[in-house]
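Chemist: got a predicted structure plus its sequence, pasted below:
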Amino acid sequence: MANNPSLRVLLAEDSSLLAARLAELIRRLPDVDLIETVDTEAGALGSIAGSRPDVLMFPGSATATAASGGNWSSRASPCR
């Protein structure tokens with residue numbers, strides 16, 4: 001078996017229920033390390049700078065915040 005480093009994931013989700021379920025699922029994945037879960041844009045930006053994740057997941061935040069006039073939309077690209 002190769003000695004591959006784990007994929008480091010930062011989860012940014014403002015819904016505590018969704019964040020808990022996604023964290024549970026991510027932790028089940030082999031070779032994936034959930035390094036942190038945050039619930040704000042500021043928390044995500046601070047964590048990115050400090051922990052340098054390989055992947056940033058923000059599953060519902062961009063859509064929900066954009067719909068409410070928040071800031072995630074200024075950094076998120078729409079899925080087409």
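Modeler: Structure received.
Chemist: please name the bridge partners of the spatially most central residue of the chain.
Modeler: For the chain, the residue sitting closest to the mean C-alpha position, by Cα atoms, centre = their mean, is Leu11 at 2.3 Å. Per DSSP bridges, the residues bridged to Leu11 are Thr37, Met57.
Chemist: hang on, it packs against Ala23?
Modeler: Yes: at 6.1 Å, Leu11 counts as touching Ala23 under the criterion of Cβ atoms under 8 Å. To be clear about C-beta, it is placed using only N, CA and C from the backbone, and glycine gets the same treatment.
Chemist: what touches both of the two?
Modeler: Both Leu11 and Ala23 are contacted by Leu34, Thr37, under the criterion Cβ atoms under 8 Å, 6 or more residues apart in numbering.
Chemist: in stretch 33-45, which residues are buried?
Modeler: For stretch 33-45, the buried set under the neighbour-count rule, 16 or more other Cβ atoms under 10 Å, comprises Leu34, Ile35, Glu36, Thr37, Val38, Glu41, Ala44.
Chemist: enumerate every residue touching Thr40.
Modeler: Counted by Cβ under 8 Å, 6+ apart, Thr40 has contacts Ala12, Asp14.
Chemist: repeat that for 7 Å
Modeler: Thr40 makes no contacts at all, as judged by Cβ atoms under 7 Å, 6 or more residues apart in numbering.
Chemist: a markdown table please, covering the buried residues of stretch 33-45 and showing pLDDT and distance to Asp54.
Modeler: As requested, the buried residues of stretch 33-45 are exported to a markdown table (pLDDT from 0 to 100; distance: Cβ to Cβ, whole Å):
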| residue | pLDDT | distance to Asp54 |
| --- | --- | --- |
| Leu34 | 97 | 11 |
| Ile35 | 96 | 9 |
| Glu36 | 96 | 13 |
| Thr37 | 96 | 15 |
| Val38 | 95 | 16 |
| Glu41 | 87 | 20 |
| Ala44 | 91 | 14 |
